[in-house]
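1. this is a predicted model, with the sequence first.
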Amino acid sequence: FHEGYVNDVVVDSDDVSCWGEAVDVHLTSATYYSWASEKSNGFVSQVLSIVDNLDGTANIRLNEAPVLPIISEEENRDHAVSIALLSRNIKIEGEQEEESKGGYMQVLHTPSAVQVMKGIEFVNMGRRSEIDRFALQFLFSGELPDTLVSQNSFRQSNNRCIVLEGTSNLTLSQNVAWQATGHCIYIGHQSQFNVIEQNLVSDTNSISYSERIEGETDYNSAAFFNWFGPNDYISNTAVGNQRDGFVIENPYRARFENRTEFDVYPRRVKMGLFRQNRAKSNGDIGIRMLFLQSNEENFIENAIVLKNRFVGLYIYDSWNVTIDGCVFADNTQYNIETRYDDNIQIKDTVVRGFTQETKV
């Protein structure tokens, strides 16, 4: 299909083999982020029908056409929109009795107890401005190898989506989040060696400063926010979010469960893998990295960073960072900005100004 308003979408048939009619799907933004209410930063519709074309592709017909331009992989693979399934057969939904106060699910102090959460739709979860009342939280559960949180959807969460605090060796994969408030996927203090891969976060909103939890930064929200490390981020997508796509920030001190601090100095910890991630159409910065001060080399590999309202990649007070095999384009202020940094290397990377795709 071509640029314009469409209600038929051609996709790989394997990707939709388990989809059915009347399910909700989300098409992400291919344009610059808009604060205007009349222009959406993505689109949600229902599936009317799915037709297998018997050539490896399938046609999806939507019940209404998205009123925003669409770019396909055929036209430009880097700029193409994503389509994600929001509906699940199992649903956990918070009550609507209080505004911005839904339910919450917490895994608390369960070290070595393997958890598998897969194929769940979380709706109206989390309680705004309340600490440890997030949509789904693992709270100081220690080492959790073989624990998997996968293929879930989070819709209109009131207070984040997935939160890890004091929890390590867990895998978050193939989750979808749309219109969450605050940081969406949040890796907190004393959380290491987690794998965050193939997740998609779209249209996240910030809370107001007056609603913030003390010591937290959800008023400057990110689709993916990381306080501690190392953790691996592989093939994730942050698109059309109000502020930042990815934030990797090493704090000066680490924090106990009671929120008191201790001197472990996380800034000296190596970042972990950051590979094949996409930051597109975000309202502020695509990828923000602060205080990466390991003596070992940190790598940003094969990232696609496009159409962010201000800066594509921002690196602050860091050293030993290599940007390798990335693409930066159409970021309106700077494609790459570094401040107070040492030994930053850029290689095999494409940096473009404004392309033809800025016109959509």
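-> Yep, that arrived. Numbers count the residues shown, from 1 in each chain.
2. is it true that residue 242 touches residue 283?
-> Yes - with contact defined as CB atoms under 8 Å, residue 242 counts as touching residue 283 (4.8 Å). Yep, even glycine has a C-beta here, placed from its N, CA and C like the rest.
3. so what's in contact with these two at the same time?
-> 33, 35 (CB atoms under 8 Å, 6 or more residues apart in numbering).
4. what sits against residue 85?
-> Per CB under 8 Å, 6+ apart, neighbours of residue 85: 16, 19, 23, 24, 25, 153, 176.
5. all strands for the stretch 51-200 of the chain, in order.
-> 57-62, 83-85, 90-93, 105-108, 116-118, 120-123, 136-150, 153-155, 162-173, 176-178, 185-187, 195-197, 200-202 (DSSP state E, counting those that start in this stretch).
6. other SSEs contacting the last one?
-> Pointing back at strand 200-202 there. strand 176-178, strand 222-226, strand 237-239 (3 or more CB pairs under 8 Å, 6 or more residues apart in numbering; DSSP states H and E).
7. distance to residue 208 added to the contacts of residue 85, as CSV?
-> As requested, the contacts of residue 85 are exported to CSV (distance: CB to CB, whole Å):
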residue, distance to residue 208
16, 38
19, 37
23, 33
24, 28
25, 30
153, 26
176, 26
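8. now a PyMOL select for only the buried ones of these.
-> In PyMOL, this line selects whichever of the contacts of residue 85 come out buried by 16 or more other CB atoms under 10 Å:
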select buried, resi 16+23+24+25+153+176
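9. which of the contacts of residue 85 scores worst on pLDDT?
-> Across these, the bottom pLDDT score, 86, is held by residue 16.
10. ok, how many other residues are close to the residue lying closest to that one once chain neighbours are set aside?
-> Of all residues not flanking residue 16 in the chain, residue 58 sits nearest, at 5.4 Å (CB to CB, 6 or more residues apart in numbering). Residue 58 is flanked by 20 other residues according to other CB atoms under 10 Å.
11. that older thread, of the strands of the stretch 51-200 of the chain, give the one that comes closest to residue 34.
-> Across those, residue 34 has its closest neighbour in strand 200-202 (13.6 Å, CB to CB).
12. direction included, what does that closest one pair up with?
-> Strand pairing for strand 200-202, using DSSP bridges, gives strand 176-178 (parallel), strand 237-239 (parallel).
13. pick the most deeply packed of those.
-> Of all those, strand 237-239 has the most neighbours on average by mean count of other CB atoms under 10 Å, namely a mean of 27.
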